[in-house]
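[1] structure, please.
(one chain, ligands or ions: 1)
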Amino acid sequence: MARRRLKEHVLSRAENRPGVYRWLSGDGRILYVGKSVRTRSRLLSYFGETGGKVARLVREAAAVAWDYVPNEFAALHREMRLIRAWQPDYNVEHKRGRRVAFVKVTRERAPRVVVATRVEDDGARYYGPFSRVGWLAEATSDLARALGLRDCPGATPVHFGDQVEMFSPGRPPMCLRAETGSCLAPCAGRCTGAEYRGRASAARAFLEGRGRAPLEAVARAMEAAAERLAFEEAARLRDRLARLEKLRNHVSAFPGRRRNMNLVYSVPGFGGEDRLYLIRRGRLHSDLPLPKTVEDRQRAAGVVEAVFRPAAEDRDAGLDAGAAAEALLAAKWFSRRPRERRRAMEPNRWLATCLPAAACSSSSAAAESPLLWRRPPRASSADEASCLRAWR
Ligand code: SF4
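    Modelled structure (predicted):
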């Protein structure tokens, strides 16, 4: 009886547009949360199931409710937030706080590449997020070893070979990696500062999809091992090469350094309801109508500046579990959709390319906001073209 009533309710009320729906029990508990770009069709499909979990859900449900959203991206976020908040019995995904991790290139005299589970505003560069922490730790260690970067604690004293010192030249290295040749050993003055920094920037270039130095180094070592008939070592290096390739593929799929996960993302919506999403520190902070006129863009620029202006409380704040889960969601969304990736920009770039020339020179915020330091004095025709593409 309830089933027929629910179906009639969906048939008479639901529309085929993006939405998030909730199946509810008799006492108002949320049993299941789902999303679809065609809400009506999706909901009706539940009534065709005769067995299994879906049929059980429909039998147990006393009501079904839904909200429309402008697009699939909004549906994805709303669905995830509802599941995390209500932990419905029938949902599996998003329920548990998943551990996510990032590759971090530290900002130290002798930078390290390490795995981090939080993004902090500490001047380091973060790449990711990644959902499989165990594999990432191995791949990060491979990267450090391929380039000779250290992996000892940050507090380990660093003495570069070109550093003028009054005492103790020829100090011994502090671990075996110096002897095995897998570390340049800045703890023992065995490399110059420039040599070490060169390797650290090769690591950043690799993680940003601009360089292949670690892959080439491992491939050379593997060939040399095979020529020496050291087949076990060659096999180990082959596995290392495979992990590094996988790491590179992952970071290339979500390209570039997403420092602090700040993005401005424009999305066409159902029935012309186009939106601009402001993703701050990995989390969907807010959204606003996609501006269509110069005045709207100026107003939107004010909002973007306010949302992304560095705040004092950011300094020590890491990316919390909710933000990390959302960052992972965003990473997956963009990595599988190259077209959507082209719609997302870092806030500085969005401001620089999408404000008309007059707005650039007249905005009173330009002198104050650290976000605007790279804004060009006039938008070039190429910028205008890029701006138009971004608004499409
Ligand atoms: S050799 Fe020195 S710098 Fe390299 S990892 Fe070991 S302790 Fe650190």
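[2] tell me the buried residues in stretch 106-119?
    Using 16 or more other C-beta atoms under 10 Å as the test for burial, stretch 106-119 gives Thr106, Ala110, Pro111, Arg112, Val113, Val114, Val115, Ala116, Arg118, Val119. All C-beta atoms are positioned from the backbone trio N, CA, C, and that covers glycine.
[3] where does pLDDT dip in this structure?
    For the chain, the stretches flagged by pLDDT under 70 are 1, 94-99, 121, 164-170, 252-261, 311-324, 355-392.
[4] which bits of it sit near the ligand?
    The chain comes close to the ligand at residues 150-152, 156, 173-175, 177-178, 183, 185-187, as judged by C-beta under 6 Å from any ligand atom.
[5] apply 8 Å and report the result again.
    110, 150-152, 156, 158, 173-178, 183-188 (C-beta under 8 Å from any ligand atom).
[6] give me the buried entries from the residues you listed.
    Buried among those by 16+ other C-beta under 10 Å: 110, 150-152, 158, 177-178, 183-188.
[7] those: which two are farthest apart?
    Using C-beta to C-beta, those span at most 15.2 Å, a distance reached by Asp151 and Ala188.
[8] make TSV out of the buried residues of stretch 106-119 and add distance to Arg4 and secondary structure.
    Formatted as TSV, the buried residues of stretch 106-119 follow (distance: C-beta to C-beta, whole Å; DSSP: H, G, I helix; E, B strand; the rest coil):
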residue	distance to Arg4	secondary structure
Thr106	62	coil
Ala110	70	coil
Pro111	65	coil
Arg112	64	coil
Val113	60	strand
Val114	59	strand
Val115	54	strand
Ala116	54	strand
Arg118	51	coil
Val119	50	coil
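[9] closest one of these to the ligand?
    Minimum distance to the ligand across the buried residues of stretch 106-119 is 6.9 Å, recorded for Ala110 (C-beta to the nearest ligand atom).
[10] next structured bit after the lengthiest helix in the chain?
    Ranked by residue count, the top helix of the chain under DSSP state H comes out as helix 231-253. The helix or strand immediately downstream of helix 231-253 is strand 263-267, counting by DSSP states H and E.
[11] starting at the chain centroid, how far to that next one?
    Relative to the chain's own centre, strand 263-267 is displaced by 14 Å; criterion: C-alpha atoms, centre = their mean, to the nearest Å.
[12] again with stretch 216-227
    Using C-alpha atoms, centre = their mean, the offset of stretch 216-227 from its chain centre is 33 Å.
[13] what's it in contact with?
    Residues from elsewhere that reach stretch 216-227 (C-beta atoms under 8 Å, 6 or more residues apart in numbering): Asp142, Ala146, Leu147, Phe231, Glu233, Ala234, Leu237, Arg238, Arg240, Leu241, Leu244.
[14] over to stretch 174-184?
    144-145, 148-152, 156, 173, 185, 187-188, 190-191, 195-196, 199.
[15] backbone dihedrals for Ser25, please?
    Ser25 adopts backbone torsions of phi -80, psi 180, taken as degrees, to the nearest 10.
[16] and what of the one 5 residues further on?
    Main-chain torsions, Ile30, degrees, to the nearest 10: phi -80, psi 120.
[17] is it correct that Val20 is in contact with Tyr32?
    No. If you go by C-beta atoms under 8 Å, Val20 and Tyr32 don't touch, sitting 11.3 Å apart.
[18] most neighbours among the contacts of stretch 216-227, please name it.
    Ala146 (25 neighbours; other C-beta atoms under 10 Å).
[19] thought that residue was touching Pro214?
    Yes. Using C-beta under 8 Å, Ala146 is in contact with Pro214, at 3.8 Å.
[20] shared neighbours, these two?
    Leu244.
[21] list the neighbouring strands of the helix or strand that contains Tyr127 plus their orientation.
    Counting by DSSP H and E, the element that carries Tyr127 is strand 125-130. Strand 125-130 has these partner strands in its sheet, going by DSSP bridges: strand 101-105 (antiparallel).
[22] tilt between the strand it pairs with and helix 231-253?
    100 degrees (axes from the mean of the first three to the mean of the last three C-alpha atoms, to 10 degrees).
[23] now strand 101-105: how far from the chain's centre is it?
    11 Å.
[24] need the residues that contact that strand.
    In contact with strand 101-105 (C-beta under 8 Å, 6+ apart) are residues 111-117, 119, 124-130, 133, 136, 140, 143, 200, 203-204, 207, 247, 251.
[25] mind redoing it with 7 Å?
    For strand 101-105, contacts defined as C-beta atoms under 7 Å, 6 or more residues apart in numbering pick out 111, 113-117, 119, 124-130, 133, 136, 140, 200, 203-204, 207.
[26] next one: stretch 138-152
    103, 110, 112-115, 174-175, 182-184, 186, 199-200, 202-203, 206, 213-214, 217-218, 240, 243-244, 246-247.
[27] can I get that stretch in CSV, CA atoms only?
    Provided in CSV are the C-alpha atoms of stretch 138-152 (Å, rounded to 0.1, in the frame of the first residue of the first chain):
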residue,chain,number,x,y,z
GLU,A,138,56.0,3.5,-0.5
ALA,A,139,55.8,5.6,-3.6
THR,A,140,56.9,8.7,-1.7
SER,A,141,59.9,6.8,-0.3
ASP,A,142,60.7,5.7,-3.9
LEU,A,143,60.6,9.3,-5.0
ALA,A,144,63.0,10.4,-2.2
ARG,A,145,65.4,7.6,-3.0
ALA,A,146,65.3,8.1,-6.7
LEU,A,147,66.4,11.7,-6.3
GLY,A,148,68.7,11.3,-3.3
LEU,A,149,66.5,13.4,-1.0
ARG,A,150,66.6,12.8,2.8
ASP,A,151,63.8,11.2,4.8
CYS,A,152,65.2,11.7,8.3
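[28] contact partners for the residue of the stretch 251-392 of the chain found nearest the ligand?
    Distances between the stretch 251-392 of the chain and the ligand by C-beta to the nearest ligand atom are smallest at Val251, namely 23.5 Å. Contact analysis of Val251 by C-beta under 7 Å, 6+ apart lists Tyr127, Leu207, Gly209.
[29] this completes my enquiry, with thanks.
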